[in-house]
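Participant: Need coordinates for the following:
(one chain, ligands or ions: 1)
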Amino acid sequence: MDKLIINGPCKLSGEVKVSSSKNASLPILAATILYPGNIKFKNLPKLSDINFFLQILESLGANTSKDNEFTEIAAGSITETKADYELVRKMRASVLVLGPLLSRFGKAQVSLPGGCAIGTRPVDIHLIGMEELGAKIEIDKGYINATCDELIGASIHLSFPSVGATENIMMAAAFAKGETIIENAACEPEIDDLANFMNACGFEVSGAGTSTIKIQGKKLSEFKSENTINYEVIGDRIEAATYIIAGLMTDSNITVSNFNPQHLKDVLKVLKSMGAKFEIDKRSVEVYPSGKLQGAKVETQPYPGFPTDVQAQLMALMGVSNGYSIISEKIFENRFMHVPELVRMGMDIELDGHYAFIHGVDQISAAPVMCTDLRASAALVLSALVISGETIVNRIYHLDRGYENLELKLKALGANIERVKE
Ligand code: UD1
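Facilitator: Next up is the predicted model:
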């Protein structure tokens, strides 16, 4: 298993370009199942999660090919409608093939994803939505079996604005008869990007980015298999936030580019309240040396609130800021796996239920640490950047799931970081 060796303290400078968003790419890859023509993506992020999703599409019968810049997918050849346990167990997001398979083929069999390190993560809201469209759902031997004669557009009110459920239901509604309205839909920018992609393919989705999304059902016969759609996924706001926090923790002047800063409105608001100095441009944020920041009180919330995917990185920053901070994690019940590792590095953090109480310390120190999940791993790397001496971060395959070339990008900014292959 590869590990990272970081020799700090590091001062960063220059520009880092974020990659296309992982969390937008995965549902969009699932949506390719709906389209019988060819799709050519520019700059999909080079991540193990993306490679893995391409494998799932291939296992269903799609043809995929890629070079350094472009990834092509032809899903017209899909005939298989079962996503096997062996594939789904490796990545929860594979449950996103359920909606598009059901919509296009009238049936889908997808292994029920289990929980993961950060929570139990049920998919009940996905399934209720599909039932409301007329699907018959059975759970048998660990598989979700969904079937229908015909899906019929419906008005669906989500009990919680789940990102994955909103995406899955949007895709299920693509070939449903008539109009589907999703109320209390998730508003994340990644949902908006999925709608843009579906519209580029010829589907009719409106309202994405608000809590009411409308989908006018289409017929498969309206789509031509000889057409090619070109698409580029939005920049990764979570990766951008991670580098912005890296700049602040190391008291550096860096520019984080290739994303829409509007997508990080709440994160930037919180950082500003802590004393961060930065300038926002159309497609970038320039971070200035801001000295030690002040503590803050933050609650993770569905978009446009503070994203749970930046919670761990923010906690690392709070751990070395002045004063007292509180984080309340409202989205996932077990998303504090990074805390014991941050404490091993010398941070002063106490947990009580979904609250973390953080007393900023002047100095943290080198310790071997272990990645537990994707964003938790980022928090460990950020902390290592400010530590005097060598930190070894183990089990970095979590990072490879969601950060393209993390160590190369940090190195280009001047960090003393090496990957050791084992
Ligand atoms: C997506 C993101 C993930 C991010 C999360 C919240 C992808 C691939 N992943 O995950 O990085 O952390 O949004 O912004 O885009 N829930 C239910 N029943 C359901 C669905 C969800 O109870 O049917 C609960 C979950 O257990 C969780 C909360 O709702 O507590 C939010 O989950 P959801 O928004 O669905 O997150 P994901 O789509 O899984």
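Participant: How much space separates residue 150 from residue 178?
Facilitator: Distance of residue 150 to residue 178, given as C-beta to C-beta, to the nearest Å: 10 Å. (Each C-beta comes from the backbone N, C-alpha and C, glycine too.)
Participant: Residue 221 too?
Facilitator: Distance, residue 221 to residue 178, by C-beta to C-beta: 17 Å.
Participant: ok, those two, which is more surrounded?
Facilitator: Ranked by neighbour count (other C-beta atoms under 10 Å), residue 221 and residue 178 place residue 178 first, with 12 against 7.
Participant: residues contacting the closest residue to that one other than its chain neighbours?
Facilitator: Excluding its sequence neighbours, the residue lying closest to residue 178 (C-beta to C-beta, 6 or more residues apart in numbering) is residue 153, at 3.6 Å. Residues near residue 153 by C-beta atoms under 8 Å, 6 or more residues apart in numbering: 133, 173, 176-181, 215-217.
Participant: Now for residue 44, how many residues are close by?
Facilitator: 26.
Participant: before we move on, what SS does it have?
Facilitator: Under DSSP: H, G, I helix; E, B strand; the rest coil, residue 44 falls in the coil class.
Participant: So which residues on the stretch 151-300 of the chain come close to the ligand?
Facilitator: 160, 162-165, 190 (C-beta under 6 Å from any ligand atom).
Participant: The same query, at a cut-off of 5 Å, please.
Facilitator: 162-165 (C-beta under 5 Å from any ligand atom).
Participant: so which of these is the most crowded?
Facilitator: residue 165 (26 neighbours).
Participant: quick one: contacts for it?
Facilitator: Residue 165 neighbours (C-beta under 8 Å, 6+ apart): 123, 125-126, 129, 158, 186.
Participant: Among these, name the ones in strands.
Facilitator: Nothing among these maps onto strands, per DSSP state E.
Participant: Nearest residue to residue 350 in space, please, no chain neighbours.
Facilitator: Excluding the flanking residues, the one nearest residue 350 by C-beta to C-beta, 6+ apart is residue 357, at 4.7 Å.
Participant: what does whichever strand or helix holds that neighbour rub up against?
Facilitator: Using DSSP states H and E, residue 357 sits in strand 355-359. By C-beta under 8 Å, 6+ apart, the list of residues contacting strand 355-359 from outside reads 295, 315, 318-319, 323-329, 336, 339, 347-351.
Participant: Give me the buried subset of those.
Facilitator: By neighbour count, with 16 or more other C-beta atoms under 10 Å, those hold 295, 315, 318-319, 325, 327, 329, 336, 339, 347, 349 as buried.
Participant: Can you convert the residues you listed into CSV and add a column each for pLDDT and secondary structure?
Facilitator: Shown next, in CSV, are the buried ones among the contacts of strand 355-359 (pLDDT from 0 to 100; DSSP: H, G, I helix; E, B strand; the rest coil):
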residue, pLDDT, secondary structure
295, 98, coil
315, 98, helix
318, 98, helix
319, 98, helix
325, 98, strand
327, 98, strand
329, 97, coil
336, 94, coil
339, 96, helix
347, 98, coil
349, 98, strand
